[in-house]
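Colleague: sequence first, predicted model second:
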Amino acid sequence: MQNSHQTPKPAATVILARDTENGLEVFMMKRTTNVAFAKGMHVFPGGSVDESDHSEEMHALCHGLDDTLASRQLGIEKGGLSYWVAAVRECFEEAGLFLGYASGLHSFEHTESKTDRLAMHRAALAENELSFVQMLQVENLKVAADQLIYYSHWVTQPGRPRRYDTRFFVAQAPSGQIAMHDNSETVAHLWVRPSEALDLHKRGELDLMFPTIKTLESMTHFHRVQDLLAYARSKPQIPLMAPRSSVAKDGSIRLLIPSDYAFAEVAKLDPDDKGTAKSDIEPGHPVKLATDIWRLTAPNPGMMTGPGTNTYLIGNSKSGIAVIDPGPALDEHIEAILQLAEGPIKWILCTHTHRDHSPAAKILKSMTGAQLIGMSAPMHAGQDQEFVPDLTPRHREVLQIAGTHLRAIHTPGHASNHFCYLHEIEKIMFTGDHIMQGSTVVINPPDGDMQVYLESLKMIANESMEYLAPGHGFLIGKPVEAIERLLIHRLDRENKVISALKGSNQPQSIEQLVAMVYQDTPPQRHAMAMRSLLAHLLKLKHEGRTIQNPDGWILTAGN
């Protein structure tokens, strides 16, 4: 029996792309059903990194890249160049296409005589009568390592019969060469547009593995090879794609990658990847996030609330229960909170007093006698003025409740009375609407303040935490990275505001600016986007970079 935690075998794959009048096409091969891995699947050329791929003799025959630079690109200490070698070697063995240079570093192109010789060498390689190094030496060829661009990194899930740690590369298909499947491991091949391959898969006409599907999806918006290669070169870092199994709402198994919202939570709740954690948030269905921590989502899904407002319960029958953000005043949700609580509810904490977070607090207090903790509502529209706290914590005060320590951190910006609560033992930060999943929060002046919001984001990035538990959405992993992405997004949006104002000699109204600054946002959301746009403009005004006059907004001199 295979060990489910066996070390994945190093492998390399190359995605060959070419330009056609119909757009970019990629090369794919159909594997035979007589192999142990990816039976009958359509794949890109590739395979395991062999011991011979590591030899100094082999590396000396690579052009444009050395092992030090290759290893740095892959994030490993040494041996990186071997992946480039393996990708080129496997592509030649499986498809008969050689990414390399002839003598004098001229691009290698087939002639009739060369085609015959390489076909002979290819057959000898298949019979282990010749090594790849020997073929290159005999033909005076070099591997075009500079033509392969690192694209992605995938690791097969634990428990699979074969596990691979595969580096994907992209390259322009060599000109003047004709692909030929080997009729051994591969029995057919085709050139196909990524979107067409995905359509064929959906119709059941093309079997694809999960990494292949995701790779094709990532390429559908490229129309030219050079655009794809430029994108690959521009990637600052390549994240590890280690898929996780999860349970979808309909009970089927759904594979997740790090960019999926549920990924971090599924990895936390199901570390052995048994496929037991859910990848859909269902209102009214409690989820145990950690020892004595539960999430219960209110049945108030919508454009501003996502799947619904999250209520968190902390504690047990011995310590008593603390409820964070009891949510809207919905009888169904309040009853679900009471049913989920394993002990008496003694504390009710609210991150802020927007109407989807705190109205149930007053009702729940009347039913349980619990202490209300939070800050009173400011006198602005959309606030729950009936929330009257028994205790307003000091900034960074540690509350010893529900058998644990919760640090109250004042985080104004989205709302002036906003608090986040850090569970110091589990290192989970309950963020309310300070950080949401799937979208940036609306900063709505006058109570919302963009400058203060950005300062609050930077402040909590210094806390010792492992997960963010937002008011809407799943647990968010790698909190500091998540916060950095939010900061970058906000500053990018601010730069768009400045560019839009620079592009006109006339004052611009909010209505004019929103179409330019939020062109990536559906028009039906522009009314709400104008509130955050105003917050950006007011921040810039405070910094002396914009001026508001009766006709609209303009930049100050020098900006």
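Modeller: Great, that's in hand.
Colleague: residue 230 belongs to a strand?
Modeller: No - with DSSP: H, G, I helix; E, B strand; the rest coil as the criterion, residue 230 is helix rather than part of a strand.
Colleague: neighbours of it, just the number please.
Modeller: A count of nearby residues for residue 230, using other CB atoms under 10 Å, gives 12. In short, each C-beta sits where N, CA and C put it, glycine included.
Colleague: repeat for residue 145
Modeller: For residue 145, the neighbour count with other CB under 10 Å is 24.
Colleague: and it, how far is that from residue 45?
Modeller: 16 Å (CB to CB, to the nearest Å).
Colleague: who are the contact partners of residue 48?
Modeller: Residue 48 makes contact with 9-11, 86, 164, according to CB atoms under 8 Å, 6 or more residues apart in numbering.
Colleague: what do you get for residue 328?
Modeller: Here residue 328 is in contact with 298, 300, 309, 355-357, 359-360 (criterion: CB under 8 Å, 6+ apart).
Colleague: those residues in strands, which ones?
Modeller: Using DSSP state E, no member of the contacts of residue 328 falls in strands.
Colleague: tell me where the stretch 51-200 of the chain has helices.
Modeller: Remark: helices assigned in the stretch 51-200 of the chain by DSSP state H, counting those that start in this stretch are 56-59, 67-74, 81-95, 112-126, 132-139, 194-202.
Colleague: and the shortest one, average pLDDT?
Modeller: So the one you mean is helix 56-59. Averaging pLDDT along helix 56-59 yields 96.
Colleague: so which bits of that helix are buried?
Modeller: 58-59 (16 or more other CB atoms under 10 Å).
Colleague: can you give me the strands for the stretch 401-550 of the chain?
Modeller: 404-410, 419-423, 428-432, 467-470, 476-477, 546-549 (DSSP state E, counting those that start in this stretch).
Colleague: and of the ones you listed, who's closest to residue 156?
Modeller: Nearest to residue 156, of all the strands of the stretch 401-550 of the chain, is strand 476-477, at 21.0 Å by CB to CB.
Colleague: which other helices and strands contact the closest one?
Modeller: helix 263-269, strand 467-470 (3 or more CB pairs under 8 Å, 6 or more residues apart in numbering; DSSP states H and E).
Colleague: so which elements touch the first one?
Modeller: So the one you mean is helix 263-269. strand 244-247, strand 287-290, strand 476-477.
Colleague: what of the shortest one?
Modeller: Under the contact definition 3+ CB pairs under 8 Å, 6+ apart, strand 467-470 sits against strand 310-316, strand 428-432, strand 476-477, helix 479-502.
Colleague: list of residues touching it?
Modeller: The contact list for strand 467-470 (CB under 8 Å, 6+ apart) reads 264, 268, 289, 295, 310, 312, 426-433, 435-437, 475-477, 479, 482.
Colleague: could you check how far the residue lying closest to residue 533 once chain neighbours are set aside is from residue 553?
Modeller: Spatial nearest neighbour of residue 533, chain neighbours left out: residue 514 (5.5 Å); criterion: CB to CB, 6 or more residues apart in numbering. Distance, residue 514 to residue 553, using CB to CB: 12 Å.
Colleague: can you pull out the low-pLDDT segments for the protein?
Modeller: 1-5, 33-39, 104-113, 115 (pLDDT under 70).
Colleague: quick check, central residue of it?
Modeller: residue 259 (2.1 Å; CA atoms, centre = their mean).
Colleague: looking at the strands of the stretch 401-550 of the chain, which is closest to residue 499?
Modeller: Per CB to CB, nearest to residue 499 of these: strand 546-549, 12.9 Å.
Colleague: in JSON lines: the helices and strands packed on helix 263-269, plus mean neighbour count and distance to residue 391.
Modeller: Below are those laid out as JSON lines (neighbours: other CB atoms under 10 Å; distance: least, CB to CB, whole Å):
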{"stretch": "strand 244-247", "mean neighbour count": "21", "distance to residue 391": "39"}
{"stretch": "strand 287-290", "mean neighbour count": "17", "distance to residue 391": "25"}
{"stretch": "strand 476-477", "mean neighbour count": "19", "distance to residue 391": "28"}
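Colleague: adding distance to residue 70, write those out as TSV.
Modeller: Shown next, in TSV, are those (distance: least, CB to CB, whole Å):
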stretch	distance to residue 70
strand 244-247	29
strand 287-290	41
strand 476-477	29
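Colleague: sweet, I'm off.
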